[in-house]
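Chemist: Make a model of this:
(one chain, ligands or ions: 1)
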Amino acid sequence: MRQPLIAGNWKMNGSKASIESLLEGIKQGMDSVQQAEVAVCAPFVYLQQVSESLKDTKIAYGAQNVSEQDNGAYTGEVSTTMLNDFACQYVIVGHSERRTLYGETDELVATKSAKAQADGLTPIICIGELLEEREAGNTEAVVARQLDAVINANGVASLENAVIAYEPVWAIGTGKTATPEQAQAVHAFIRGRIAEQDAAIADKVRILYGGSMKPANAEELVAQQDIDGGLIGGASLKAEDFLAICQAAK
Ligand code: PGA
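Modeler: Okay, here's the model as predicted:
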């Protein structure tokens, strides 16, 4: 049995004050969350605040990006060691916004994923196709290429300590969600591709859906056989909505 994971991706949103009230709201509602593991991925500068607020709670947290380098002259970058200083558990790698806006390649995403794992962090590896790729019938080819880059570089065994997030880019922040059937089909494809190399790991790895998941559609999405939770952007910024999604993940 895979425990569902609901992870909030706050992106570049929030302030000290708004994060304080968001975290208070989530903490207060956690008793109503029965099955899901809950995590939030915060902007780097708020990790200290998040770590203090979530100490002694069941809520995990992490960052939205990390450097593939150890340390040194990399202005503006943040290392795995730094994330460990704040006891992060998770780090998102290869989010489509990083790939599209900041030129992260499949190879770089694989390197970041390996670096995170080498230093004890669990990467949430994002993959997903653009609208034109879906419309051209290339969804499976694109997610296979993105997934294979990680498997070829790091080995299939690396997925034992990783989470995969399937995020169709056309559904991110657009209000346009993949139907449960569309999402399930890609999730099954991803799991099947991993199973070709290692059935036990394929069975164990959690594959989250991301892209306009909200209280109104979460239950139906997470009810799909191969959807093990969600990576939540917009709806993770409101405690009530985020908690409703966490409750729906059974
Ligand atoms: P969204 O973002 O829920 O706002 O669509 C999801 C994501 O980008 O992880």
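Chemist: can you confirm Ile124 is in a strand?
Modeler: Yes - per DSSP: H, G, I helix; E, B strand; the rest coil, Ile124 lies within a strand segment.
Chemist: tell me, how many neighbours does it end up with?
Modeler: Number of residues near Ile124 (other Cβ atoms under 10 Å) recorded here: 28. All C-beta atoms are positioned from the backbone trio N, CA, C, and that covers glycine.
Chemist: Quick check: the residue of the protein nearest the ligand.
Modeler: Residue nearest to the ligand within the chain: Gly233 (2.2 Å; Cβ to the nearest ligand atom).
Chemist: Look at that residue and report its pLDDT.
Modeler: Predicted confidence (pLDDT) for Gly233: 98.
Chemist: what's the burial count for it?
Modeler: By other Cβ under 10 Å, the residues close to Gly233 number 22.
Chemist: Spit out the contact partners of it.
Modeler: By Cβ atoms under 8 Å, 6 or more residues apart in numbering, the contact set of Gly233 is 9, 11, 172-173, 210.
Chemist: send the alpha carbons of the helix or strand harbouring Gly8 over as CSV?
Modeler: Using DSSP states H and E, Gly8 sits in strand 5-9. This file holds the C-alpha atoms of strand 5-9, laid out as CSV (Å, rounded to 0.1, in the frame of the first residue of the first chain):
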residue,chain,number,x,y,z
LEU,A,5,1.3,12.3,-0.2
ILE,A,6,-0.2,15.7,-0.6
ALA,A,7,2.6,18.3,-1.1
GLY,A,8,2.1,22.0,-1.4
ASN,A,9,4.2,23.9,-3.8
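Chemist: from the contacts of Gly233, which is closest to Met30?
Modeler: Ranked by distance to Met30 (Cβ to Cβ), those are led by Asn9 at 18.8 Å.
Chemist: just checking, Gln35 touches Arg2?
Modeler: No - counting by Cβ atoms under 8 Å, Arg2 is not a contact partner of Gln35; they are 10.7 Å apart.
Chemist: From the chain's centroid, how far away is stretch 164-174?
Modeler: 11 Å (Cα atoms, centre = their mean, to the nearest Å).
Chemist: how long is it end to end?
Modeler: From its first residue to its last, stretch 164-174 covers 21 Å (Cα to Cα, to the nearest Å).
Chemist: go on, stretch 223-234?
Modeler: End-to-end distance for stretch 223-234, by Cα to Cα: 21 Å.
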